[in-house]
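Chemist: just a sequence and a predicted model for now, questions to come.
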Amino acid sequence: MSTSNDDPSRPEPEFGPAPVPPVTRPAPAPTTPAVAGVDAGVIEDFARAYLRDRRGERRWKLVFRFAWLLVFAAIAYALFAQNKHAAAPNGPHTALIEVRGEIASEGEATAENLNAALKSAFEDRGAQGIVLRINSPGGSPVQAGLVYDEIKRLKALHGKKVYAVCEEVCASGAYYMAAGADEIYVDKASIVGSIGVLMDGFGFTGSMEKLGVERRLLTAGANKGMLDPFSPLNEQQRAFAQGMLEQIHHQFIAVVKEGRGKRLKETPETFSGLFWSGEEAVKQGLADKIGSLDYVAREVVKAEEVIDYTPRENVAERLAKRFGASIGEGAIKALRSLPSIH
């Protein structure tokens, strides 16, 4: 057998480069599908920014909650300190209750506030006497009447005396309250009296006629629009209102007569609504003596230490109200955000 490679029909082996296998490329990573007309990268940037904002918002919420906890703790501490301080005095003393400003259902000089203070003062064994220090032009006959009635009730129940000390003004409803005191002390220049009742308002019918304005008032009930300032004054309605004022005036007069008794030197002007100086009020029996709070505590009650029972809104209470209002506002917003079925 021939082993020669000389056969030209057989291909000669060659030592060329090895064959290179085909390269397999990895599939491209999936990308955020682009919204029509918006680059996918813009959407990703927006999403990242949104997540950062949400994280920051959560951090600020935690900060605010912590701040509210600090405020609440401060309020609780202030209220505790105030109550601790208020409970301290217990020895013999003169109980003071301030009556300042307009007597009304809103504000400081309300029957609710004053009666609560009166009750506390009467029930305190250390209180040797109660002083109403008054500086008020008057106000609601209802509020004044409620205080007067409570003074009478507590005096009969506890057997303690009440003294009214009038400063600049003790008029109208304020004097109504003072009439319930056992004795009334004034400064010689105080304004005292004004024992009367009024109801005021305005009438615009003439101005409306000049301006060509027509009043259209519809009522169910002939007197429902009584004393409407934009309608002509009805004489029957005016007489009705006047009768009501006279009735309240007689109630006022009865209170003064009951409170002052034989000390009152009544004249035709006493219940006319006039007011007098403190010096003249003493002469007419509307007041007993010239005297101040210090004089009454020292010489009359015989207890020089004066403890104020007047209910006052302190800083802690104002903060508490604001805190409560904020909580309430948050609750309302939360309720409004809940889904509803219509």
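Modeler: Thanks, I have the structure now.
Chemist: Val169 contacts Glu102, doesn't it?
Modeler: No. Using C-beta atoms under 8 Å as the test, Val169 is too far from Glu102 to be in contact (11.0 Å). Using the backbone N, CA and C atoms, a C-beta is placed for each residue, glycine as well.
Chemist: could you name every residue contacting both of the two?
Modeler: Ser136, Pro137 (C-beta atoms under 8 Å, 6 or more residues apart in numbering).
Chemist: so what's the nearest residue to Ala297 once chain neighbours are set aside bridging to?
Modeler: Nearest residue to Ala297 in three dimensions, chain neighbours excluded: Thr94, at 4.1 Å (C-beta to C-beta, 6 or more residues apart in numbering). Note on Thr94: beta-bridge partners Gly129, Val306, judged by DSSP bridges.
Chemist: from Ala254, how far off is Thr94?
Modeler: According to C-beta to C-beta, to the nearest Å, Thr94 and Ala254 sit 30 Å apart.
Chemist: can you check Gly56 too?
Modeler: Between Gly56 and Ala254 the computed distance is 71 Å (C-beta to C-beta).
Chemist: quick revisit: what count of nearby residues applies to the residue nearest to Ala297?
Modeler: As a burial measure, Thr94 scores 25 neighbours (other C-beta atoms under 10 Å).
Chemist: strands of this structure, residue ranges please.
Modeler: For the chain, the strands identified by DSSP state E occupy 93-100, 127-136, 162-171, 183-186, 191-193, 275-277, 289-290, 306-308, in order along the chain.
Chemist: and of these, who's closest to Asp149?
Modeler: Across those, the minimum distance to Asp149, taken as C-beta to C-beta, is reached by strand 162-171, at 13.0 Å.
Chemist: which residues touch that closest one?
Modeler: By C-beta under 8 Å, 6+ apart, the residues outside strand 162-171 that reach it are 129-138, 151, 155, 174, 177-178, 180-187, 190-194, 275, 278, 287, 291-293, 296, 300-301.
Chemist: can you check stretch 284-291 too?
Modeler: Under the criterion C-beta under 8 Å, 6+ apart, residues 165-166, 175, 183-188, 192-193, 256, 260, 263-265, 267, 270, 276, 278-279, 281-282, 299-300 lie in contact with stretch 284-291.
Chemist: buried ones among those?
Modeler: With burial judged by 16 or more other C-beta atoms under 10 Å, the buried subset of these is 165-166, 175, 183-187, 192-193, 256, 260, 264, 270, 276, 278, 281-282, 300.
Chemist: low-confidence ranges, the stretch 1-150 of the chain, go.
Modeler: The model of the stretch 1-150 of the chain has pLDDT under 70 over residues 1-40, 42, 59-64, 66-68, 71-90.
Chemist: again, only this time at 90
Modeler: Counting by pLDDT under 90, the low-confidence segments of the stretch 1-150 of the chain come to 1-91, 107-108.
Chemist: how about Glu258, nearest residue that isn't a chain neighbour?
Modeler: Ala179 is the one closest to Glu258 (C-beta to C-beta, 6+ apart), at 7.5 Å.
Chemist: can you check Lys155 too?
Modeler: Looking at Lys155 with C-beta to C-beta, 6+ apart, the closest residue is Val162, at 6.3 Å.
Chemist: beta partners of the one you found?
Modeler: Using DSSP bridges, the bridge partners assigned to Val162 are Ile130.
Chemist: count of residues packed around it?
Modeler: Under the neighbour criterion other C-beta under 10 Å, Val162 is assigned a count of 23.
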